[in-house]
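Enquirer: Next one to model:
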Amino acid sequence: MNPMQPTAQMPTAVTDEPRKISRAARRRVHARELRVRRTQKDARAQLPVY
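Expert: Below is the predicted model of the structure:
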């Protein structure tokens, strides 16, 4: 998953659904995913293509 944050630290704002995270938490996770994807793409672009 993510080496920086353990999954146990996920903020869970429980309302009526069993797993409902707040909008701020979802936005944070989404931004982190985008950053990770971009860095992976850059690393892949560095590889020489034979």
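
Enquirer: can you map out the strands along this protein?
Expert: Assigned by DSSP state E, the strands in the chain number zero.

Enquirer: Pass me the low-pLDDT residue ranges in it, would you?
Expert: The chain contains residues with pLDDT under 70 at 1-19, 49-50.

Enquirer: show me where it has helices.
Expert: 23-46 (DSSP state H).

Enquirer: Next one: His30 from Ile21, what distance?
Expert: 11 Å (C-beta to C-beta, to the nearest Å). Where C-beta positions appear, they are placed from N, C-alpha and C, glycine not excepted.

Enquirer: who's more crowded, those two?
Expert: Using other C-beta atoms under 10 Å, the more surrounded residue of His30 and Ile21 is Ile21, with 16 against 10.

Enquirer: and the more buried one, what are its phi and psi?
Expert: phi -100, psi 150 (degrees, to the nearest 10).

Enquirer: give the contact list for Leu34.
Expert: The contact partners of Leu34, taken as C-beta atoms under 8 Å, 6 or more residues apart in numbering, number zero.

Enquirer: how close does it get to Ala24?
Expert: Leu34 is 16 Å from Ala24, by C-beta to C-beta.

Enquirer: same deal with Arg38?
Expert: 21 Å.

Enquirer: Next: Ala31.
Expert: 11 Å.

Enquirer: again, but for Arg32
Expert: With C-beta to C-beta as the criterion, Arg32 and Ala24 are 13 Å apart.

Enquirer: between the two, which one's more packed in?
Expert: Arg32 (13 against 10).
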